[in-house]
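Visitor: what shape does this take:
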Amino acid sequence: MSTEVGADVVVRRPARGATALRGGRLWRPTPYQAVGFLFWLAMTLAYWRVPQCCDAGQHAAVVERLRADLLHPRHPMADLPGAGSPYYSPYALAEGVFARLTGLGGWEVVRLAGPVNLVVLLTGLGRFVHTLTPRPWAPVLALGATTLLWGTEPVVWSGFESLLGMTTSLGYPSTAAIGLTLWAWALTAARARDTRRVRYVGPSGQRGLTGYAALGVLYGVIALVHPITFVATATGAVAVVAGRQRGWCTAVTARWALTCALALLTAAAWPYCEVFALAGNASADTIHRGLYDDLAGRFWLASAAGLPALWLRARRNGPRDPLVLMFALDCLVVAFGWLSGHYTYGRVLGMTPVAPQLALAVELAAPRPWRAGRRALGAVAAVAAGVGLCTVQAGAVVPGRLGPVRFAQPPDWPSYAWAARYVRPGEPVIADGYKARRMLPGYGADLAAPTWPDPALDERERLRRLADVRAYLADGSTRAGRSAIARRYHVRWLLLTPRRRVPQEAVVVAWSGRTGEVLARVGGGPTRTGSGPGAGGGVGTTR
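Guide: Residues are numbered from 1 along each chain as shown. Have a look, this model is predicted:
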């Protein structure tokens, strides 16, 4: 039954049609809900298809350490205390709790985190785009732009959420941080539009200061989950507030000050690390120098299609348009990283194309008929998306070769489960392979020299350990020198590539048929037996 309320009488009319039994309209998904679900399904399968690689070992190692001890986890990669490591974030703690409750290992938890992070990312994208325009197809176009419009050179870094990049990074904290960032921007935009004088109104559900406080906590959580992403989060928040907030007064300033204060308090109160100390930490700058290489090849498609749309917004709305401000501030951060030598700020490049990509989506979601300029913009965008798909991104969901066309593929790294059958969690290993050093900690093993800088370990000590490992592996090393280094770091195992000679005192216990790497035991203690592929070949022999 439907109801109409008049001045003096209530008239009930019978409901007609197929929805009469339900008493309302039949629910239909929006275009973005339908496309987003199909995208989530396809990318989840693509992510699970690709062998875990790159930074996955680091994040799996964090879960393993938290699974062993939630309150006092060890260093993610070495037999050292983990106090002060930024890897132990609220996101990682939630994963650690999940691992303890389910009994799953770090690799399984990182794998399962991918679909969850993708839900946060997709819903956040849809919510933020709806603050820019009510056009129903705008989020769909935004999804296409943010995954396809990058460049013709692949970028294999976490925080760069292209279609190909998602196949390796969906389970990373950076993906969760980006999804939460989009949600935070959407909530910020909703409050920036509200120019009423807001006061606390109790638990009735009406908007009050509690909303601004909760938003501040959300920003603080993002800063803890992935600190470098938070730099882009903060510049985006400033752009949204500066571009949308009108009617500034004492009350308006006070509520945004509350948001900032709660964000700082949340980040400062986290007991596992001092996140603000990372601002002056330059230990990772050298690693991130490569982010500034070939910027044109990595971002020219986003620039060719997105910058004209951003210029149209600036011309129509003025320089205070949120997307225009966001892009300008991100560019300033990237330039600061280059000019100052703090190349870690180059990680903001993963969020810099978002503003022009979303500006393009909003422009192309306009109802037809289009003027000549918008038609030309649509043609450029279609060609750019096609180029991006065929040159880089298609490899995420299609085989390496489709007929005469060959597509770039995600990294295909080997598993080191064969070595983990022998190496107990917490036993130190010396490895000389690039991939082995990044994957072994995910199985619970420790490295004599951690691969990545970490504030939990003084950088001078890490470099000293790396120098000792190089001395151990040097061709001219002596047995006495190797034994001293092994005793210093309690080394029990060597994992060596075929180009490296196994020391005379080591005993080979297993080898990999795929990579040719050899696992050898040094020092005393029992050896566990393994089984399965890669567990045989030279057990108990020397080489």
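Visitor: now T233: closest residue in space, sequence neighbours ignored.
Guide: Nearest residue to T233, sequence neighbours excluded (Cβ to Cβ, 6 or more residues apart in numbering): T181, at 4.4 Å. Any C-beta I mention is one placed from the backbone N, CA and C, and that applies to glycine too.
Visitor: buried sites along the longest helix along the chain?
Guide: Determined from DSSP state H, the single longest helix within the chain is helix 106-132. The neighbour-count check on helix 106-132 (16 or more other Cβ atoms under 10 Å) flags 106-107, 109-118, 120-132 as buried.
Visitor: the residue nearest to T233 against T229, yeah?
Guide: Yes - A contact is recorded between T181 and T229 when judged using Cβ atoms under 8 Å, the distance being 6.6 Å.
Visitor: what about I430, which SS state?
Guide: Put simply, I430 is strand when judged by DSSP: H, G, I helix; E, B strand; the rest coil.
Visitor: got a list of what it touches?
Guide: If a contact means Cβ atoms under 8 Å, 6 or more residues apart in numbering, then I430 has L447, A448, A449, V469, Y472, L473, A486, V491, W493, L494, L495 as its contacts.
Visitor: weed out the non-buried ones from those residues.
Guide: L447, A448, A449, V469, Y472, L473, A486, V491, W493, L494, L495.
Visitor: give me the nearest residue to the last one, chain neighbours excluded.
Guide: Right, L495. Of all residues apart from its sequence neighbours, A431 sits closest to L495 (Cβ to Cβ, 6+ apart), at 4.1 Å.
Visitor: run the chain-centre distance for the helix or strand encompassing G297.
Guide: When elements are defined using DSSP states H and E, G297 is found to belong to helix 295-317. On the basis of Cα atoms, centre = their mean, to the nearest Å, helix 295-317 sits 24 Å off its chain's mean C-alpha point.
Visitor: for L339, what are its contacts?
Guide: If you count contacts by Cβ under 8 Å, 6+ apart, L339 has none.
Visitor: tell me the angle whichever strand or helix holds it makes with helix 295-317.
Guide: Counting by DSSP H and E, the element that carries L339 is helix 322-340. Orientation note: helix 322-340 sits at an angle of 140 degrees relative to helix 295-317 (axes from the mean of the first three to the mean of the last three Cα atoms, to 10 degrees).
Visitor: quick one on the thing from earlier: contacting residues around the residue nearest to L495?
Guide: Counting by Cβ under 8 Å, 6+ apart, A431 touches R437, L440, L447, L494, L495, L496.
Visitor: closest one of these to A269?
Guide: Set against A269, the nearest of the contacts of A431 by Cβ to Cβ is L447 (31.3 Å).
Visitor: need phi/psi at the closest one.
Guide: Main-chain torsions, L447, degrees, to the nearest 10: phi -100, psi 140.
Visitor: hmm, M439 and it touching each other?
Guide: No - taking Cβ under 8 Å as the contact criterion, L447 and M439 are not neighbours in contact, 10.7 Å apart.
Visitor: could I get the full set of strands for the stretch 351-500 of the chain?
Guide: Read by DSSP state E, counting those that start in this stretch, the stretch 351-500 of the chain holds these strands, from start to end of the chain: 401-402, 405-406, 428-431, 446-447, 493-496.
Visitor: turn the ones you listed into a markdown table, columns for distance to A385.
Guide: Written out in a markdown table, the entries for the strands of the stretch 351-500 of the chain read as follows (distance: least, Cβ to Cβ, whole Å):
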| stretch | distance to A385 |
| --- | --- |
| strand 401-402 | 18 |
| strand 405-406 | 16 |
| strand 428-431 | 41 |
| strand 446-447 | 42 |
| strand 493-496 | 43 |
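Visitor: quick one: closest of these to G36.
Guide: Distances from G36 to each of these were compared by Cβ to Cβ, and the smallest falls on strand 401-402, at 25.4 Å.
Visitor: list the contacts for the closest residue in space to A355 that isn't next to it in sequence?
Guide: The shortest distance from A355 to any residue other than its chain neighbours is 3.8 Å, reached at F327 (Cβ to Cβ, 6+ apart). F327 makes contact with L310, T352, A355, P356 under the criterion Cβ under 8 Å, 6+ apart.
Visitor: repeat that for L262.
Guide: Residues in contact with L262, defined by Cβ under 8 Å, 6+ apart, are Y212, A213, L215, G216, V217, Y219, G220.
Visitor: I'd like to know which of those are buried.
Guide: When the contacts of L262 are checked for burial by 16+ other Cβ under 10 Å, the buried set is Y212, A213, L215, G216, Y219, G220.
Visitor: which of these lies closest to R28?
Guide: L215 (31.5 Å).
Visitor: did I read that right, the residue nearest to T233 in a helix?
Guide: Yes - the assignment for T181 is a helix, going by three-state DSSP.
Visitor: low-confidence regions, this structure specifically.
Guide: Low-confidence regions of the chain, defined here as pLDDT under 70, cover residues 1-24, 194-207, 400-404, 524-543.
Visitor: ok, back up a step: neighbour-wise, which of T181 and T229 wins?
Guide: Of the pair T181 and T229, T181 is the one with more neighbours under other Cβ atoms under 10 Å, namely 28 against 25.
Visitor: tell me the contacts of that one?
Guide: Under the criterion of Cβ under 8 Å, 6+ apart, the neighbours of T181 are G124, I222, T229, A232, T233, G236, M351.
Visitor: what sits up against stretch 291-305?
Guide: Applying Cβ under 8 Å, 6+ apart, the contact partners of stretch 291-305 are 145, 148-153, 155, 157, 337-338, 343, 346-347, 349, 352-353, 356-357, 360, 377, 380-381, 384-385, 387-388.
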